[in-house]
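Peer 1: after the sequence you'll find the predicted model.
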Amino acid sequence: MALFSSGKYSTLRVVAPQARKMVIPDGSWVKCRNCGQTLYTEKLEDNLNVCWNCNCHLSVTAPDRIAQLADEGSFEEFDARMKSVDLLEFVDSKPYSKRLNDSVEKTGLAEAVVCGKCTIDGNPCAIGVMDFRFMGASMGSVVGEKIVRMVEYAIKEKLPVIMVTASGGARMQEGVVSLMQMAKTCGAFEKLAEAGLAYIAVLTNPTYGGVSASFATIADVIMAEPEAMIGFAGQRVIAETTNAKLPENFQKAEFLWEKGLIDRVVERKNLRKELGLLLEFFKN
């Protein structure tokens, strides 16, 4: 028993060194909205923001989209400083002016659409790209005005137009002024058609509301990315209104292609090549 005597043997206390915490910079990883896979941001950007595990096409900012499509150094932006104003002094959970300022700070953009001209595989065109980060790329007065000005420039310079859409619809904070942009943009694209110039629309996830009900779906060629959600009202609203069970894949790009609403479903890695071929075709 002397072996266990506290007087003969002392108890050693081992203190483990403090564990070092791994510091991961913000934005280094993204979770795929479809399969839940954790994706390394830098590798994801190299893969055009497409999940390599399930091929889910994740959101792309307007500047990144332009970099993916336009020939290097060819893009020139129009009306970069044009901003919306709070004409109605609208307040919901926060003032509209505050929402605008927050979106400008978050995105570094002045509005929800970036318009300009560029070349794609050497083919000149005018291009507009919507950015969902800016108030859900809702269509307000400035979004409509920038698109119309771009189309008017295209008519003057005899250029085809490409629109890459992603939107929740009209901007409720601008009331009827926002709704007017539906007719305004459609009128501009009608003039483009009368001038014999091509209009190509690329619908990305999501394209809804007043945008899908106006200029997004009147193009000569309508393309969409895989599984992009496209429609006017959301599925839940439609199901509750009609009291009916909706078809499988309802409002997805593939479903709309089968029904004839869109012409092609094109993966992002092939989009630049497809657009270049179309521009070449229309040019000839």
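Peer 2: Structure received.
Peer 1: where does pLDDT dip in the stretch 1-150 of the chain?
Peer 2: 1-27 (pLDDT under 70).
Peer 1: strands of that one, residue ranges please.
Peer 2: Using DSSP state E, counting those that start in this stretch, the strands found in the stretch 1-150 of the chain span residues 29-31, 38-40, 76-78, 113-120, 123-130.
Peer 1: please indicate which of the ones you listed has the most neighbours on average?
Peer 2: With neighbours taken as mean count of other CB atoms under 10 Å, the strands of the stretch 1-150 of the chain reach their highest mean count in strand 123-130, at a mean of 24. Every residue, glycine included, has its C-beta placed from N, CA and C.
Peer 1: same for that strand, what does it pack against?
Peer 2: helix 62-69, strand 113-120, helix 141-157, strand 161-167, helix 268-283 (3 or more CB pairs under 8 Å, 6 or more residues apart in numbering; DSSP states H and E).
Peer 1: how far does it sit from the chain's center?
Peer 2: 15 Å (CA atoms, centre = their mean, to the nearest Å).
Peer 1: most centrally placed residue in the chain?
Peer 2: A166 (4.1 Å; CA atoms, centre = their mean).
Peer 1: quick check: which of the helices and strands packed on strand 123-130 is buried the most?
Peer 2: Among those, strand 161-167 has the highest mean neighbour count (mean count of other CB under 10 Å), at a mean of 27.
Peer 1: after that strand, heading C-terminal, what element do we hit next?
Peer 2: helix 176-194 (DSSP states H and E).
Peer 1: between helix 141-157 and that next one, find me the angle.
Peer 2: Orientation check (axes from the mean of the first three to the mean of the last three CA atoms, to 10 degrees): helix 176-194 against helix 141-157 gives 10 degrees.
Peer 1: give me the residues contacting helix 176-194.
Peer 2: Helix 176-194 is contacted by residues 87, 138-141, 143-145, 147-148, 151-152, 154-155, 161, 170-172, 199, 210, 213-215, 218-220 when judged by CB atoms under 8 Å, 6 or more residues apart in numbering.
Peer 1: what number of residues lie near the nearest residue to E152 once chain neighbours are set aside?
Peer 2: Leaving aside its sequence neighbours, E152 sits nearest to A188 (CB to CB, 6 or more residues apart in numbering; 6.8 Å). Using other CB atoms under 10 Å, the number of residues around A188 comes to 21.
Peer 1: where does A201 land in three-state SS?
Peer 2: strand (DSSP: H, G, I helix; E, B strand; the rest coil).
Peer 1: got the contact list for it?
Peer 2: So A201 contacts I162, M163, T165, F215, A216, T217, I218, A219, V221, I222, M223 (CB under 8 Å, 6+ apart).
Peer 1: any idea how far the nearest residue to N55 once chain neighbours are set aside is from N53?
Peer 2: Closest residue to N55 apart from its sequence neighbours, by CB to CB, 6+ apart: P226 at 6.9 Å. Distance from P226 to N53, counting by CB to CB, to the nearest Å: 14 Å.
Peer 1: ok, these two, which is more surrounded?
Peer 2: In this view P226 and N53 are compared by other CB under 10 Å, and P226 has more residues nearby, 16 against 13.
Peer 1: tell me the secondary structure at the more buried one.
Peer 2: coil.
Peer 1: please name the residues that touch it.
Peer 2: For P226, the contact set (CB under 8 Å, 6+ apart) comprises N55, H57, A253, E254, V265, E267.
Peer 1: reformat the residues you listed as JSON lines; add distance to L100 and neighbour count.
Peer 2: Shown next, in JSON lines, are those (distance: CB to CB, whole Å; neighbours: other CB atoms under 10 Å):
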{"residue": "N55", "distance to L100": "35", "neighbour count": "15"}
{"residue": "H57", "distance to L100": "28", "neighbour count": "22"}
{"residue": "A253", "distance to L100": "31", "neighbour count": "26"}
{"residue": "E254", "distance to L100": "36", "neighbour count": "14"}
{"residue": "V265", "distance to L100": "34", "neighbour count": "18"}
{"residue": "E267", "distance to L100": "34", "neighbour count": "13"}
